[in-house]
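[1] For reference, the sequence and a predicted model appear below.
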Amino acid sequence: RIDTPVLILSGLSRPQAKVKGFGMGADDFIVKPFDQSELIARIHAIVRRAKGFSQPTLQIGDLTLDLNAREVSVNGRLVHLTGKEYATLELLTLRRGAVLTKEAFLNHLYGGMDEPEVKIIDVFICKLRKKLSQAGAADLIGTVWGRGYVMRDPAQAAPRAMPAAGRVAA
């Protein structure tokens, strides 16, 4: 009952080894020696499917994220992002609707190696919001105060109504 995707990397190329691996729950099986780019592509595909995405492109409103090319476009126009900005947006998109902590972003971006201060996530989010807004995809990234950030569905991203001015609470 573990949902973690599993890819077996093995020196055994016999069909019986592959059948046994798949029978035990593996999602993929790759035999050594292997091409590094193929391994990375298979890992990306497994993670996409584990998150419920079968296609290499993800669409949220007018925003399109191409996981293979690592490109982002809004209404067909390319949005230029740094590597860290892209990785931040990719994580938000793959986990759409889930609140992600700053620590989750740091782990995704740096994997525990030479992590900067947690405030860097605020900087990445700010830059992402600005670039997406300029491209025509504003209000997709929400802040959940005290918890983190979330990628909103555009239908739910409409600004919330403010209380009427001058209303006195009873």
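    Thanks, I have the structure now.

[2] How about the contacts made by the residue nearest to residue 144 when sequence neighbours are not counted?
    Nearest residue to residue 144 in three dimensions, chain neighbours excluded: residue 99, at 4.8 Å (CB to CB, 6 or more residues apart in numbering). Heads up, the C-betas are built off the backbone N, CA and C, glycines and all. Counting by CB atoms under 8 Å, 6 or more residues apart in numbering, residue 99 touches 144, 147-150.

[3] Who are the packing partners of the worst-scoring helix or strand of the chain on mean pLDDT?
    Least confident helix or strand of the chain, by mean pLDDT, DSSP states H and E, is helix 36-50 with a mean of 81. With contacts taken as 3 or more CB pairs under 8 Å, 6 or more residues apart in numbering; DSSP states H and E, helix 36-50 sits against strand 7-10, strand 28-31.

[4] Show the subsequent helix or strand relative to that helix.
    strand 57-60 (DSSP states H and E).

[5] Can you give the contact residues for whichever strand or helix holds residue 108?
    In the assignment (DSSP H and E), residue 108 maps to helix 102-110. Residues outside helix 102-110 that contact it (CB under 8 Å, 6+ apart): 84, 87-88, 91, 115-116, 118, 120-122, 124, 148-149.
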